[in-house]
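> make a model of this:
(chains A and B)
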There are 2 protein chains.
Amino acid sequence: MDIPLEFDPKSEQPLYRQLYDSVRAGILDGRFNAGLRLPASRALARSVGVSRITVTECYERLIAEGYLEARRGSGTFVRARLPELSPFALRKPDEPLDRELGDLSPRLSRYGTAVNVSLHRPTPPDTLRLDRHGPDVSQFPRTVWAKLLARRLQGSDRSLLNYAQDFRGSPNLRNQLALYLAQARAVICDPDQILIVSGSQQAIYLAARILLNEGDQVAMESPGYYFAGWTFSSQGATIVPITVDKYGIKVAELIKQKNVRMVYVTPSHQFPTGASLTLSRRKALLAWARKNNAFILEDDYDSEFRYRERPLPALQGITPDGPVIYTGSFSKMLFPSLRLGYIVLPKPLFTAFRTAKLLNDMHSSLFHEQVLADFLAGGHLESHLRRMRTLYDRRRTLLIRILRDHFGKKVSISGDEAGMYLLARFQSSLSEEQAWDRAYKAGLRLERLYWPGGVSEEKPGYIRFVFAYAALSEKELQLVGRRLAVAFLS
Amino acid sequence: MDIPLEFDPKSEQPLYRQLYDSVRAGILDGRFNAGLRLPASRALARSVGVSRITVTECYERLIAEGYLEARRGSGTFVRARLPELSPFALRKPDEPLDRELGDLSPRLSRYGTAVNVSLHRPTPPDTLRLDRHGPDVSQFPRTVWAKLLARRLQGSDRSLLNYAQDFRGSPNLRNQLALYLAQARAVICDPDQILIVSGSQQAIYLAARILLNEGDQVAMESPGYYFAGWTFSSQGATIVPITVDKYGIKVAELIKQKNVRMVYVTPSHQFPTGASLTLSRRKALLAWARKNNAFILEDDYDSEFRYRERPLPALQGITPDGPVIYTGSFSKMLFPSLRLGYIVLPKPLFTAFRTAKLLNDMHSSLFHEQVLADFLAGGHLESHLRRMRTLYDRRRTLLIRILRDHFGKKVSISGDEAGMYLLARFQSSLSEEQAWDRAYKAGLRLERLYWPGGVSEEKPGYIRFVFAYAALSEKELQLVGRRLAVAFLS
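All right, here's what the predicted structure looks like:
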């Protein structure tokens, strides 16, 4: 018995516990080196006066935890690689798990089963991504932000680091937002109708959760926004796809629907066609929602960037007391990793949304809400958006020219009057799937249109892809053109 | 039959479910006031044309959930205080400003109805809050954080401001966490099992959503953690309360349960009793979960702060391949407004959780995940925790002395060996409700124990409250004592 173990007979700790602690501590503080052989259970049991089962149980647990290893025939040893030092090198979790637990999927809820699908698709490092709808974060005024952030972090108001007092979100931010939305989007609300959320995806999720039961019908634009469709269907809602033409969603088609509880729309800049919903259709949409006790979820995701005429006011602003849930995010205006968005709610819906947000993740970061409020109050958003509008407009024009240079009459562009992407339609003998794969091999990741009902309306001989250009430099856009030519024309 | 219940014979919902929903909704949206007497089961059965068993079963479930109470001989009544909602006041949603829309609540989903209650209760500014379980943020090393933050913000890696490439959370952070959890909590996992979330509330929410269908049974400690109970019940799960004694949750009681799909536990430091679950019970708990194909949701919310013996390893670490979902957060270690927490998952569950998180809010802030990873890598967490342990220990000792000074033998303390709160039991002729109100008037906001299922085990003549002391200065703690004496003794 050459290893020192501390035992205290008077201790309330059971002997098992003391033995375990003592061996584990010896290993952790390095007194028992890797490879050290532990005494045989019988010998140790005798020398410290515990039952042999106590010792073997203790050894077995330390083996299970990765501190010791049993070598057949030769005894029990301190492991070379301890979990503490390299837990990842410890084991392949799949194997023992699958052996012990088997496939857990049958034990998921219906929602769990619906989301038990990986949306992850690896992309080679040098791939140019046309499917990432983020801003050019390299242009973000980080110095201004850092200054505001440091001021608040060093500031006297420690409560910013704490849990929020107001779970609706920072009052300053909601006040600033009410002003901004009124000016920029003709949204009419008071700050008490604004709930701060962690990006507009959370707004879509909460709306689906709060307004839809499994089996309920939700209408959405077709083609439409992939993650919205996914959010609805994963919750068991039935999606009713409504056709989109160049005036936006075909409200006449929607009006035929009697059991739709909610419709998800992007009226300012329809995703992905870029259409702007006409005023007459907006009014018809509102009238339909009222008549059918349905809600309108208005996603105003990128209308800050318009390159031609003035935008139509938001639906919410047409009838401020209508059944409209209005949402937007700062991911495209500022930077996605800020994870801040907002919902403007009819008063009667506010409590349910606030409590749902609370049970979902308590609240968003008060600290960053306050820095954002400072950013807005300082007028930095306006000037930043002005600069970005010019930059994105230049890239947009360049991309169109590049596509024309390579594809001439074989390409037609739409949806480019606003936002950070455009829709390009190519005359081609390839199927969209073939074209996507070829582009992928050529180092481009394109975005295919999402058809909620699965009913594509592509004309044979034509293929369409979304091009998110805002974050790509002029040099990268040139490369996009060349790679695309290789993929589609060669 | 004077209470309006909506039934739809054509609905696919079974009558039992319709009756349950209808009564529950009536209570939650305030149409059925506290004390309202429900019709006798036979009468109701006749009037709505269902079997009497259907009605009694529905009443029994609502009684078990704490919505109704049976008074021997006189019938079934709506409870005065709905356990789900206490200690917060149940308030009807804000009056709709908009006449046209009217009350939208009937158009909410079942989940929407369940969350259509305000948890908001204003607190006068000079109130000392014993119910806020946050750290002392004034002690947070803001200069260190600001430096790390500025470095990343000014740094060359712009991708930190963008959408995450890896939706599981920053790889650096997950690597750091795997090491930290192995060392501090004996959690054995590799970084691929770690999902970064926005605080542990999101972990609880996601687990409930992914593993529980409406009507499924979920067990939890009684008394237990209020927001966990609310998260489960709002999703339509049936809570099975399991008694807690000084060794933690009574696993023997749980073992009698055959249909429980998940159990929510706080083994390291049971909330609110502070008990630490014994090793034998931990093993029994794991064995039960395996045998019954149930999941264990282990919330390790504050075990970083221990003032006496070293903690038992996390359940997850006892059998790393077990059906354990382990969660923790940085809200108490660092600061709540960071909104970062983590889930350690069995591999077979990972995809469902990652995709659910993605559809919930895409991902947390990559930027802050990276700064946090830097903070961990720099060893700042360790030193910060050491400092806080000393500070909280001092405050803990002081609060105990203060309570003894004022209440002498009339007070007994428990659950103070770890964490940031303690449980005080007072000998008093007041009811807990009276005592709470008196304290509130005296400028204290106390926290009552939460009894899932509404089955309180208070002994007459005794009242118990949770005291979250960590964030209160010594001066404030003195004031707590004086105000409490005024409230309870005068």
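
> where's the nearest residue to A:Trp288 once chain neighbours are set aside relative to A:Leu285, distance?
Excluding its sequence neighbours, the residue lying closest to A:Trp288 (C-beta to C-beta, 6 or more residues apart in numbering or on different chains) is A:Ile255, at 5.2 Å. To be clear about C-beta, it is placed using only N, CA and C from the backbone, and glycine gets the same treatment. A:Ile255 sits at a distance of 9 Å from A:Leu285 (criterion: C-beta to C-beta, to the nearest Å).

> and the two? Which one has more around it.
A:Leu285 (26 against 15; other C-beta atoms under 10 Å in any protein chain shown).

> phi, psi for that one please.
Here is the backbone geometry of A:Leu285 (degrees, to the nearest 10): phi -60, psi -50.

> what's the closest residue to it other than its chain neighbours in contact with, if anything?
Spatially, and ignoring its direct neighbours in sequence, A:Leu285 is nearest to A:Val251 (5.0 Å; C-beta to C-beta, 6+ apart). For A:Val251, the contacting residues are A:281, A:284-285, A:288, by C-beta atoms under 8 Å, 6 or more residues apart in numbering or on different chains.

> one step back: for the residue nearest to A:Trp288, phi and psi?
Dihedral angles (degrees, to the nearest 10) for A:Ile255: phi -60, psi -20.

> out of the contacts of A:Val251, which is nearest to A:His368?
Nearest to A:His368 among the contacts of A:Val251 is A:Leu285, at 34.3 Å by C-beta to C-beta.

> would you check that that closest one makes contact with A:Ala252?
No. If you go by C-beta atoms under 8 Å, A:Leu285 and A:Ala252 don't touch, sitting 10.5 Å apart.

> and A:Gly229, how far is that from B:Arg389?
A:Gly229 sits 49 Å away from B:Arg389, going by C-beta to C-beta.

> nope, A:Val78 is what I meant
Separation of A:Val78 from B:Arg389 (C-beta to C-beta): 29 Å.

> equivalent analysis for A:Gly322, please.
A:Gly322 sits 55 Å away from B:Arg389, going by C-beta to C-beta.

> looking at the two, which is more packed in?
A:Gly322 (21 against 15).

> ok but the more buried one is inside a helix, no?
No. If the criterion is DSSP: H, G, I helix; E, B strand; the rest coil, then A:Gly322 is coil and not within a helix.

> Three-state assignment for the nearest residue to it once chain neighbours are set aside, please.
Computed as C-beta to C-beta, 6+ apart, the closest residue to A:Gly322 that is not its neighbour in sequence is A:Leu286, at 5.3 Å. Three-state assignment for A:Leu286 (three-state DSSP): helix.

> mind listing what A:Leu286 touches?
Contacts here follow C-beta under 8 Å, 6+ apart; on that basis A:Leu286 touches A:296, A:315, A:318-319, A:322, A:324.

> nearest to A:Gln434, of those?
Taking C-beta to C-beta as the measure, A:Gln434 lies nearest A:Ile296 of the contacts of A:Leu286, at 37.9 Å.

> what's the helix or strand encompassing that closest one packed up against?
Using DSSP states H and E, A:Ile296 falls within strand A:295-299. For strand A:295-299, the packing partners by 3 or more C-beta pairs under 8 Å, 6 or more residues apart in numbering or on different chains; DSSP states H and E come out as helix A:200-211, strand A:260-265, helix A:279-291, helix A:315-318, strand A:324-329.

> all good on my end, thank you.
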